[in-house]
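[1] Here is a sequence with its predicted model. Questions after.
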Amino acid sequence: MQAASQHLDDLEWTTWPADQIGVRGKAQWKELLGSATGCQNDMTMGVVRLQKNESLEPHRHAQPETYFTLSGRGTVTIEGVVHEVTPGRMLFIPGNTTHQINNMNDEDLTILYAFAISDFSRVEYHF
């Protein structure tokens with residue numbers, strides 16, 4: 001394990017390839033901790049951003065995930081149950097559980113996400 005330090009403003013937003021946005025949604029993210037950052041630890045952490053009328057479409061993956069809302073307001077639907085999210089709200093999403101994020105508000109919705117896996121590319125998304 002090694003110490004790590006990143007500042008969100010120093011990173012570029014990543015998006016799905018253009019031909020996948022229709023199925024996956026128009027979410028953007030920055031990986032703060034994980035193998036892509038050059039830090040070899042047992043966690044991956046980043047921030048996902050959804051602008052007005054954007055979503056991360058329903059999906060699942062084997063790994064459990066934790067969300068912590070940093071700013072904005074929106075909804076996270078987990079197995080059909082809608083959760084209103086505002087700054088300070090934490091959600092734990094068990095592995096292989098279908099979930100989705102929606103932002104229907106004017107302000108950007110930003111959520112910190114974390115996986116107990118060292119390499120984000122090993123998280124296999126199923127939409």
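    Cool, got the structure. What you are looking at is a predicted structure, and each value in this text was computed from that prediction instead of being measured.

[2] Only C-alpha atoms from now on, for both contacts and neighbour counts.
    Will do.

[3] Now residue 69: closest residue in space that isn't a chain neighbour?
    Leaving aside its chain neighbours, residue 69 sits nearest to residue 111 (4.3 Å; criterion: CA to CA, 6 or more residues apart in numbering).

[4] List the residues that contact the one you found.
    Neighbouring residues of residue 111 by CA atoms under 8 Å, 6 or more residues apart in numbering: 47, 48, 49, 67, 68, 69, 70, 71.

[5] who does whichever strand or helix holds it pair up with?
    Using DSSP states H and E, residue 111 falls within strand 109-115. Paired strands of strand 109-115, with direction, are strand 44-50 (antiparallel), strand 65-71 (antiparallel) (DSSP bridges).

[6] now the angle from the helix or strand just after the last one to strand 109-115?
    Spelled out, that is strand 65-71. As assigned by DSSP H and E, the chain's next helix or strand after strand 65-71 is strand 74-78. Here the directions of strand 74-78 and strand 109-115 differ by 30 degrees (axes from the mean of the first three to the mean of the last three CA atoms, to 10 degrees).

[7] Now the element after strand 74-78, going C-ward?
    Counting by DSSP H and E, what follows strand 74-78 is strand 81-85.

[8] Number of residues surrounding the closest residue to residue 97 other than its chain neighbours?
    In space, and not counting its chain neighbours, residue 97 is closest to residue 60: 5.5 Å by CA to CA, 6+ apart. Residues contacting residue 60 under the criterion other CA atoms under 10 Å number 22.

[9] Beta-bridge partners for residue 103, please?
    Beta-bridge partners, per DSSP bridges, of residue 103: residue 54.

[10] Could you do residue 45 as well?
    Residues in beta-bridge contact with residue 45 (DSSP bridges): residue 33, residue 114.

[11] Now do the contacts for it.
    Residue 45 neighbours (CA under 8 Å, 6+ apart): 31, 32, 33, 34, 112, 113, 114, 115.

[12] could you dump those residues to TSV with distance to residue 20, pLDDT and neighbour count?
    Output for the contacts of residue 45, formatted as TSV (distance: CA to CA, whole Å; pLDDT from 0 to 100; neighbours: other CA atoms under 10 Å):
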residue	distance to residue 20	pLDDT	neighbour count
31	19	93	23
32	23	92	23
33	24	89	24
34	23	83	24
112	23	98	20
113	21	98	21
114	23	97	23
115	23	95	20
